[in-house]
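**Student:** need a 3D model of the following:
(one chain, ligands or ions: 1)
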Amino acid sequence: MTMVYTLKNGKTFTFPSMFVNPQNPRDVESLWKSDEEFGLPHIDGILVNMIDFHEVYGKLALDSQPILSQEKPSLREKIRIIDPSYHVLLTGAMEEKARMLTTGFFDKKIEKATKQIMHTKLSPSDKTRIIVNDIYPNLTVKPAIDFLVKNKSDAIVSPCVNLSSKRWFGKQVDKAREMLMDTRALLTTSYKAYSEKHDLMNIVTIQKDVVTERNFATLFRLLLCNDPDQVGIRVMGIQESDTVFLDTLFAFIRQFNLFMRLREKRTQIPIHLVNIDEIGYSGYCNGVVNIVSPIASNPYYKFSSTSSDEDRDMSGRYYHPFNMNYPYLSTITKLPCSCAECKRFKQVSAIPVEYRPTFRRKHWLRVKDNEIQQLRETPARLDVALRDKFANSMRVGLVAYIPASPIFNTFEKER
Ligand SMILES: [Zn+2]
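**Tutor:** The predicted model follows:
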């Protein structure tokens, strides 16, 4: 079962779809090498968070011409999206906040309030009070939209505050809605011509504590408030061991699909799950069309004390293609995988130490590309194929999130 979604500018992604989220120069290098050496024909897009823009996006060299003409689809033709990621400014680590302040999106008042949060010992609730009272009134969408247009993001991702606090939920939703509506207003005025050729995508970042049944309807309305072409949800705080929450999350997405179908305007909008690992595969059977994953690194934890490449991912973790888990490379002797990278070395000891970070990434990219291909081409129904894959892995618990009656969000978008 496959279904092709076409963006307004003609680029496409295919259900079940996966985008990757490069976060550092090593990720970019691995992407390019993989692209040139064996291609990644089934990975349909790249999403770059604003905080990583300068380290990553320019180095993708997406507009340069290939030296040799390539027959297979190249990274250059993939969907590329810049996510303003305002949640990093508001609730990121200190070093991340500081980097967000260098984007030029934020004025002096925001800078002052942000520094106040960074350098004083305040309770989380007091910090949120400062964010709501001193940062929200000064947050605008235009600088980010200007930037996305200038840098050719294939979809306009509206900046938006994240929903992180039960106590401040109402105020956070109000501000988020205001920003999403402001983006729509810009796209119908200043950027009218541009918006006719580019999708509007909302990516809303939500802390898992506020994804509760009583908030579902509020969240659905928020996600659709500005009539977007695509909707992305980034849930923070996911833990695979928290089965109660994962049940709630997938119920949320299933009901969101239903909510869209019952609206007056019955268009079905693609749902993206942003910043997720293999858990996202279960999402495909709950109405998710595309997942966005960081490259060979754990999406749910960040080590924020320093910012060197390797500290920002699970250093030395190797994706096991059958077990679907991430053992340390040092615990493996013989490589259990038949991808081009693993075939080259066969034994872990044969991989030069300095090459291992690139090796892990290229292996991950190759295996992921292959997994997506298998899921697309499975002769069985996707939910059956996935259940089988999980059941034969070390992550058999993920079977529980594949519903008996799966929901595939495979409605061709009308233009
Ligand atoms: Zn491999």
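
**Student:** only C-alpha atoms for contact and neighbour calcs from this point on.
**Tutor:** Will do.

**Student:** which SSE is immediately downstream of the longest strand belonging to the chain?
**Tutor:** Secondary structure assigned by DSSP state E gives strand 199-207 as the longest strand of the chain. On the C-terminal side of strand 199-207, the closest following helix or strand by DSSP states H and E is helix 216-224.

**Student:** return the distance of that following helix from the chain's centre.
**Tutor:** Distance of helix 216-224 from its chain centroid, counting by C-alpha atoms, centre = their mean, to the nearest Å, is 19 Å.

**Student:** residue numbering should commence at 40 henceforth.
**Tutor:** Done: numbering now begins at 40, and the last item shifts to helix 255-263.

**Student:** tell me which strands and helices that helix is in contact with?
**Tutor:** helix 208-227, helix 282-301 (3 or more C-alpha pairs under 8 Å, 6 or more residues apart in numbering; DSSP states H and E).

**Student:** tally of neighbours for the nearest residue to residue 45 once chain neighbours are set aside?
**Tutor:** Using C-alpha to C-alpha, 6 or more residues apart in numbering and skipping the chain neighbours, the partner closest in space to residue 45 is residue 51 (4.4 Å). Residues contacting residue 51 under the criterion other C-alpha atoms under 10 Å number 15.

**Student:** after the helix or strand of the chain with the lowest mean pLDDT, which helix or strand is next?
**Tutor:** When each helix and strand of the chain is scored by mean pLDDT, DSSP states H and E, helix 163-169 comes last, with a mean of 89. Sequence-wise, the next helix or strand downstream of helix 163-169 (DSSP H and E) is helix 181-189.

**Student:** buried ones in that next one?
**Tutor:** Under the neighbour-count criterion of 16 or more other C-alpha atoms under 10 Å, helix 181-189 has 181, 183-184, 186-188 buried.

**Student:** pLDDT at the residue nearest to residue 231 when sequence neighbours are not counted, what is it?
**Tutor:** Excluding its sequence neighbours, the residue lying closest to residue 231 (C-alpha to C-alpha, 6+ apart) is residue 225, at 7.6 Å. pLDDT recorded at residue 225 is 97.

**Student:** I'd like to know which residues of the stretch 340-454 of the chain are adjacent to the ion.
**Tutor:** 376, 378, 381, 402 (C-alpha under 5 Å from the ion).

**Student:** surely the residue nearest to residue 45 is in contact with residue 43?
**Tutor:** Yes: counting by C-alpha atoms under 8 Å, residue 51 does reach residue 43; the two are 6.5 Å apart.

**Student:** just want the phi and psi numbers for residue 48.
**Tutor:** In terms of degrees, to the nearest 10, the main-chain angles of residue 48 are phi -90, psi 10.
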